[in-house]
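Novice: how would this look folded up:
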Amino acid sequence: MARYRETRSIAVYLALGASLSVILLTLIIFWLDDQLLWWHLLIGLLLIFLINYLITLKTLDRYVYKKVKLIYKTIGAAKPDQSNGKTPQKQTESLEGVNRAMLEWSKRQRTEIEELKKLAVYRREFLGNISHELKTPIFNIQGYVLTLLDGGLEDENINRTYLMHTEKSINRLIAIVEDLEEISKLESGELKLNLQQFDINELSKDVLEFLEMKSRKYKTKVTLEKQSDKPALVKADKKRIRQVLINLIENAMKYGDKEENLVNIRIFDADENYLIEIKDNGSGISEENLPRIFERFYRVDKGRSRDKGGTGLGLAIVKHIVEAHEQSITVRSQLEKGTNITFTLEKA
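Specialist: Here you go, the predicted structure:
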């Protein structure tokens, strides 16, 4: 403010100087013109002085003083504290807040970009996988039908065999479409669960009897372990949990590659839930593939998996069914040591 007052004083001096200059000019004119009277000169000088003084001060105050005052206020606000040599606390906090907000925004943008890249890769893989899964049975059907049309239909040695192969490929195609439809319903919430009370021990036993023929086919020994002979009553959709057990146990049978393939089902009492564990001694899954085994059409060993059959959607359906029950499913595995899949169900 001292500088502001100093600037105002300079403006006053300038006004006075300008007025004196006008007075001097008037005296020169009066000296040269003999017809002007002295009182004319006095009145003229006073009027000139007052008008010039007021106009000068008003102009300077309007266009100079206010600008200078604003500049001084701005400089004073940003000026470091003379006592400790630091920027005022409020200004520092404001700058730190802006900087922090910018860093957070930048971090969010990078995260979103990475997520979009991952989704793009997943979408390309999914489209490629579904194309391959649908293309295989379609091409098989086309090949068998063309062979029959080219004369194979009259050949009793191949006509029935080719028709049976065609039916098998059609059934595979139907299974893929039905599984895709089921996943779509599970994801959209259209598929409603029929919750009821049942014994998970008894259901597991029924599933093992249902898969007995397949266990012989894959030369797998399947065992069921229970903590007690008492019923393990759960509240869930019995039909869907049966589907979960069939998918998980059948998967464990398929990928056993030992001379003695073992699959063990164990049921544990875990406070509010029952924990169901399906463990095998197969080839196992590598750590990098574990996070993706529940993805649609994702196969750890693509060539061998397709030879084993299945739509590539079984585990994805299992995960959706378990999560629809508001329960969890986890997987642990080690190469050459087998895989352990565990899910929970609410007690009745």
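
Novice: so where do the strands sit in the protein?
Specialist: With DSSP state E as the criterion, the chain has strands at 195-199, 220-226, 233-237, 261-270, 273-280, 329-334, 338-346.

Novice: Could you pull out the helices in the stretch 101-250 of the chain for me?
Specialist: With helices called from DSSP state H, counting those that start in this stretch, the stretch 101-250 of the chain shows them at 159-188, 200-210, 212-217, 238-254.

Novice: ok and the longest one relative to helix 238-254, angle-wise?
Specialist: If you take axes from the mean of the first three to the mean of the last three C-alpha atoms, to 10 degrees, helix 159-188 sits at 120 degrees to helix 238-254.

Novice: mind listing what's buried in helix 159-188?
Specialist: By neighbour count on 16 or more other C-beta atoms under 10 Å, the buried set for helix 159-188 is 162, 165-166, 169, 172-173, 176, 179-180, 182-183, 186. In this view, the C-beta of every residue, glycine as well, is placed from N, C-alpha and C.

Novice: By mean pLDDT, show me the worst of the helices of the stretch 101-250 of the chain.
Specialist: Note on the helices of the stretch 101-250 of the chain: lowest mean pLDDT is at helix 159-188, with a mean of 85.

Novice: What is that helix packed up against?
Specialist: Counting by 3 or more C-beta pairs under 8 Å, 6 or more residues apart in numbering; DSSP states H and E, the packing neighbours recorded for helix 159-188 are helix 89-149, helix 314-324.

Novice: so what secondary structure elements neighbour the last one?
Specialist: The one in question is helix 314-324. helix 159-188, helix 238-254, strand 329-334, strand 338-346.

Novice: So for residue 293, which of these sits nearest?
Specialist: Of all those, strand 329-334 sits nearest to residue 293, with 6.3 Å by C-beta to C-beta.

Novice: related to what we said a few turns ago, so for residue 282, which of the helices and strands packed on helix 159-188 sits nearest?
Specialist: That would be, of these and by C-beta to C-beta, helix 314-324, which comes in at 14.5 Å.

Novice: Mind putting the helices and strands packed on helix 314-324 into JSON lines with distance to residue 222?
Specialist: Compiled in JSON lines, the helices and strands packed on helix 314-324 are given as follows (distance: least, C-beta to C-beta, whole Å):
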{"stretch": "helix 159-188", "distance to residue 222": "23"}
{"stretch": "helix 238-254", "distance to residue 222": "7"}
{"stretch": "strand 329-334", "distance to residue 222": "19"}
{"stretch": "strand 338-346", "distance to residue 222": "14"}
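
Novice: Quick check: residue 336 vs residue 286, distance?
Specialist: In this view, residue 336 and residue 286 are 11 Å apart by C-beta to C-beta, to the nearest Å.

Novice: picking that back up, for residue 212, which of the strands of the chain is the nearest?
Specialist: strand 220-226 (8.5 Å).

Novice: Tell me the one among the buried residues of helix 159-188 nearest to residue 115.
Specialist: Scanning those for proximity to residue 115, where the rule is C-beta to C-beta, the winner is residue 183, at 21.7 Å.

Novice: Can you get me a residue count around residue 297?
Specialist: Residues near residue 297, counting by other C-beta atoms under 10 Å, number 21.

Novice: quick one: pLDDT of it?
Specialist: Residue 297 is given a pLDDT of 74.

Novice: Next: residue 301.
Specialist: Residue 301 is assigned 60 on the pLDDT scale.

Novice: pLDDT below threshold where in the stretch 1-150 of the chain?
Specialist: 1-95, 98, 118-129 (pLDDT under 70).

Novice: rerun at 90
Specialist: 1-140, 144, 147-150 (pLDDT under 90).

Novice: Would you mind splitting the chain into its domains for me?
Specialist: If you go by automatic domain parsing, the domain ranges for the chain are 2-77, 101-188, 195-346.

Novice: mind putting the helices and strands packed on helix 159-188 in JSON lines, distance to residue 227 and mean neighbour count included?
Specialist: Below are those laid out as JSON lines (distance: least, C-beta to C-beta, whole Å; neighbours: other C-beta atoms under 10 Å):
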{"stretch": "helix 89-149", "distance to residue 227": "40", "mean neighbour count": "12"}
{"stretch": "helix 314-324", "distance to residue 227": "21", "mean neighbour count": "20"}
